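1. Return atomic coordinates for the entry below.
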Amino acid sequence: MSEAAARVRALFGAYFATVWRTACRLGLSDAAAEDVAQEVFVVAAERLGDIAEGKERAFLIGTAVRVAANARRVASRRPDAAGAVDVGALGETAADPAPGPEELLDRRRARALLDRALDALEDDLRVVLVLTELDAMSAPEIAAALEIPVGTVASRLRRAREEFGRNVRRLRARAAPAEARSTAS
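-> This next block holds a predicted model:
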């Protein structure tokens, strides 16, 4: 096996799950996220010489953000777009072997709330929030991945957190009357 092939294989093994998870968090279904992740590693293989040692994660995440944005754009133009971008996907698997039905329902509701609140954000805000809060990337890592200044990352993150909080409050307020009606029945 060549040195380049070994490096791509190592990158794939180390970062596939991270890239896939990032694509999911950016609003793609599990299947679409898998396609995006595969495309990211094709790009990485083609541009292997451009990936600096120690900067692999930033390169892959930045590429994933761009490929996922393109996938969302393409999916939104299709007549069958409703199934293409599965923003309410419940792809989460239980950590414990047998969670109760109430716990599963609570998880589904929380995931659906998270997905709707994230979907309401502009893409540039959503990306920075997801990479910071869910992928635990630092501002300099995000700046490198997105090729933007660190100050822009900080500004977008502040705006994203504010807007995300407003979205969650609005969605919870909307859900409260519906839940009250369902428990009264």
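
2. quick one, domains of the protein?
-> The chain resolves into domains spanning 1-86, 98-185 when parsed by automatic domain parsing.

3. Looking at the ones you listed, which one is packed in the most?
-> domain 1-86 (a mean of 17; mean count of other Cβ atoms under 10 Å). The C-beta positions use only the backbone N, C-alpha and C, and glycine is treated the same way.

4. what's the longest helix seen in the chain packed up against?
-> Looking across the chain with DSSP state H, the single longest helix is helix 150-184. The contact analysis (3 or more Cβ pairs under 8 Å, 6 or more residues apart in numbering; DSSP states H and E) places helix 150-184 against helix 101-119, helix 123-129, helix 139-146.

5. Tabulate the ones you listed (JSON lines), appending distance to residue 6.
-> What follows is the helices and strands packed on helix 150-184, written out as JSON lines (distance: least, Cβ to Cβ, whole Å):
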{"stretch": "helix 101-119", "distance to residue 6": "36"}
{"stretch": "helix 123-129", "distance to residue 6": "31"}
{"stretch": "helix 139-146", "distance to residue 6": "24"}
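
6. Out of these, flag the one nearest residue 5.
-> helix 139-146 (24.3 Å; Cβ to Cβ).

7. for that closest one, what is the average pLDDT?
-> Average pLDDT, helix 139-146: 92.

8. what's it in contact with?
-> Identification of contacts with helix 139-146 by Cβ atoms under 8 Å, 6 or more residues apart in numbering yields 55, 57-59, 61-62, 65, 127-128, 131-132, 137, 149-150, 152-154, 157.

9. and that helix, C-alpha only, in CSV?
-> This file holds the C-alpha atoms of helix 139-146, laid out as CSV (Å, rounded to 0.1, in the frame of the first residue of the first chain):
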residue,chain,number,x,y,z
ALA,A,139,-12.7,29.0,17.5
PRO,A,140,-9.3,28.8,15.9
GLU,A,141,-10.1,25.3,14.6
ILE,A,142,-13.4,26.5,13.2
ALA,A,143,-11.7,29.6,11.6
ALA,A,144,-9.2,27.4,9.9
ALA,A,145,-11.8,24.9,8.7
LEU,A,146,-14.1,27.6,7.3
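
10. lowest average confidence, helix or strand, in this structure?
-> helix 81-84 (a mean of 44; mean pLDDT, DSSP states H and E).

11. quick one, what contacts the residue nearest the centre of the chain?
-> By Cα atoms, centre = their mean, the mean C-alpha position of the chain lies nearest to residue 25, the distance being 2.0 Å. By Cβ under 8 Å, 6+ apart, the contact set of residue 25 is 118, 130, 134, 135.
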